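Q: With the input below, show me the fold.
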Amino acid sequence: MAVLSVHTSPLAQPGTGDAGGMNVYVLQSALQLARRGVEVEIFTRATSSADAPVVEAAPGVLVRNVVAGPFEGLDKHDLPTQLCAFTAGVLREEAHHEPGYYDLVHSHYWLSGQVGWLARDRWGVPLVHTAHTLAAVKNAALADGDVPEPAARQIGEQQVVAEADRLITNTADESRQLVDIYGADPRRIDVVAPGADLTRYRPGDKAAARAELGLNPNELIVTFVGRIQPLKAPDVLLRAAAALVEREPALPLRIVIVGGPSGTGLDRPDSLIDLAASLGITARVTFLPPQPPERLAQVYRAADLVAVPSYSESFGLVAIEAQACGTPVVAADVGGLGVAVRSGETGLLVPGHRTDDWADALHSLLADPGRLAEMALRAPLHAEDFSWEHTADGLLESYKRANASFRRLPEHTPRRGRGLWKLRRMGGVRT
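A: Numbering: from 1, shown residues only. Predicted coordinates for the structure are as follows:
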């Protein structure tokens, strides 16, 4: 099958540039599908002249770096200008093979959906699409000073929703948004929750994790992990921390910010450093660059709490990864975070982004070690419901439905080949 991820590579380090939860989703789901015997080829845009044309991410998973536009310095909002070049690269690769080589297309994000729509028509195979985020939802919850998503994106999303054979959402709430905003047919929507690598993200020794990261073993640590941009709202955490310190100057509070500037955050890459200084809490804030997965697990284990104050989240993988490591989460009550966090049991959901509300939520847990410890015990049990194995199960079921309902024109009937065999392995025999 062909997987399309135009604007960001699954091999990129999450927390840098436009790389985030979607990168993790694309790679981890592909790895799980490959372990089920499904061969996956991921098409993404090359962003460096050093990128090899093809990279084997794992047995059964190839990443194809398609040359489309300049390697560097191309903003995400300029990527629509390169969709023609990217589509040509995808179609030319398929032309090297027998018809039916790619037996299904799964596109991620609206840009990829535009390419997938054309590939579906050209190859005569089903298109499954995952939006990950929706422009209208993001625009309805913009952070102060953030830039709204352009109308072109909303138009593009509408087109992809209308054309896709199956739509995959992270939560039932996201499914309702597709129906209410874009008029999607609910019969074509499958809810498949993302997951976490539970072999990597699991409880561990907090003291050892702090020692490895050079953090004080006696401080109360609240950690933010993600891209540094207004949408993710790390400033909300800093303001809440300052309010807490003002209330209790002796509180041994440490804020750890892990990530790099992204999106509109690139305009002011030092904004959080400046904010911490203006709030008078510079000495209490530690900044770390984006971390590879094995190191990130230690970041989660080292924390007493992980904060996810985003203005919009389709799901929130950070929340699941943190809980899998035994760390409770305080999150904004937006989007999929209401599913990712079991409020009152594995963490707390905060309505809105008011500084006092966030300070109160953090204090209620940090000041109650017993309650915090109980949440830490329950968190990994909750996270067990969100594994990439479960995600792969849901994706395969959606692929089967897409294949079963797909109406193929006679001229697109593929010759018997590897693509047909692969769908039979998945249980979706073509007719």
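Q: Could you list the buried residues of the helix ranked longest in the chain?
A: The residue-count maximum for a helix in the chain (DSSP state H) belongs to helix 388-405. For helix 388-405, the neighbour count (16 or more other C-beta atoms under 10 Å) marks 388, 390-392, 394-403 as buried. (Glycine included, C-beta is placed from N, CA and C.)
Q: and that helix, how far from the chain's centre?
A: 19 Å (C-alpha atoms, centre = their mean, to the nearest Å).
Q: Excluding residues flanking it in the chain, which one is nearest residue 91?
A: residue 122 (6.0 Å; C-beta to C-beta, 6 or more residues apart in numbering).
Q: quick one: that neighbour and residue 87, what's the gap?
A: Distance of residue 122 to residue 87, given as C-beta to C-beta, to the nearest Å: 9 Å.
Q: same thing with residue 155?
A: Counting by C-beta to C-beta, the gap from residue 155 to residue 87 is 18 Å.
Q: returning to what we had before: for the helix or strand hosting the residue nearest to residue 91, list every residue counted as buried.
A: Using DSSP states H and E, residue 122 falls within helix 109-123. By neighbour count with 16+ other C-beta under 10 Å, helix 109-123 contains the buried residues 109-120, 123.
Q: between those, which is closest to residue 323?
A: The shortest approach to residue 323 among these belongs to residue 109, at 25.6 Å (C-beta to C-beta).
Q: isn't the closest one right up against residue 129?
A: No. Using C-beta atoms under 8 Å, residue 109 is not in contact with residue 129; the gap is 9.0 Å.
Q: give the contact list for residue 364.
A: Shown in contact with residue 364 (C-beta atoms under 8 Å, 6 or more residues apart in numbering): residue 348.
Q: need the next SSE after the helix or strand containing it, C-terminal direction.
A: In this structure, residue 364 sits in helix 355-366 according to DSSP H and E. Moving toward the C-terminus from helix 355-366, the next helix or strand (DSSP H and E) is helix 369-383.
Q: Tell me the helices and strands packed up against that following helix.
A: Helix 369-383 sits against helix 317-324, helix 355-366, with contacts defined as 3 or more C-beta pairs under 8 Å, 6 or more residues apart in numbering; DSSP states H and E.
Q: Just send these back as a markdown table, with mean pLDDT too.
A: A markdown table is the format used below for these (pLDDT from 0 to 100):
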| stretch | mean pLDDT |
| --- | --- |
| helix 317-324 | 97 |
| helix 355-366 | 98 |
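Q: quick one, which of those helices is packed in tightest?
A: Sort the helices and strands packed on helix 369-383 by mean neighbour count, taking mean count of other C-beta atoms under 10 Å, and helix 317-324 sits at the top with a mean of 30.
Q: Hey, what's the angle from that helix to helix 369-383? Just curious.
A: Helix 317-324 runs at 110 degrees relative to helix 369-383, counting by axes from the mean of the first three to the mean of the last three C-alpha atoms, to 10 degrees.
Q: hmm, back to that, hmm, the residue nearest to residue 91 is touching residue 90, no?
A: No. Using C-beta under 8 Å, residue 122 is not in contact with residue 90, being 9.2 Å away.
Q: Given the helix or strand where residue 43 lies, what are its sheet partners and their directions?
A: Under the criterion of DSSP H and E, residue 43 resides in strand 40-45. Sheet pairing of strand 40-45 (DSSP bridges) gives strand 2-5 (parallel), strand 61-66 (parallel).
Q: and it, how far out from the chain's middle?
A: Averaged C-alpha coordinates place strand 40-45 at 17 Å from its chain's average position (C-alpha atoms, centre = their mean).
Q: Now the helix or strand following it: buried residues?
A: Downstream of strand 40-45, the next assigned helix or strand under DSSP H and E is strand 54-58. Going by neighbour count (16+ other C-beta under 10 Å), the buried part of strand 54-58 is 55, 57.
Q: try stretch 210-229
A: Residues 210, 213, 215, 219-229 are the ones in stretch 210-229 that count as buried (16+ other C-beta under 10 Å).
Q: By mean pLDDT, point me to the weakest helix or strand of this protein.
A: Taking mean pLDDT, DSSP states H and E as the measure, helix 418-425 is the helix or strand of the chain with the lowest mean score, a mean of 39.
Q: which residues touch stretch 82-96?
A: Applying C-beta under 8 Å, 6+ apart, the external contacts of stretch 82-96 come out as 2, 4, 6, 43, 45, 64, 66-69, 74, 101-102, 111, 114-115, 118-119, 122-123.
Q: ugh, wrong one, I meant stretch 274-289
A: 15, 213, 215, 235, 238-239, 241-242, 245, 253-260, 268, 272-273, 299.
Q: at 6 Å instead, please
A: 235, 238, 241, 242, 253, 254, 255, 256, 257, 258 (C-beta atoms under 6 Å, 6 or more residues apart in numbering).
Q: Would you format these as TSV with pLDDT and neighbour count included?
A: What follows is the contacts of stretch 274-289, written out as TSV (pLDDT from 0 to 100; neighbours: other C-beta atoms under 10 Å):
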residue	pLDDT	neighbour count
235	97	21
238	98	23
241	98	25
242	98	22
253	98	22
254	98	21
255	98	27
256	98	22
257	97	21
258	96	25
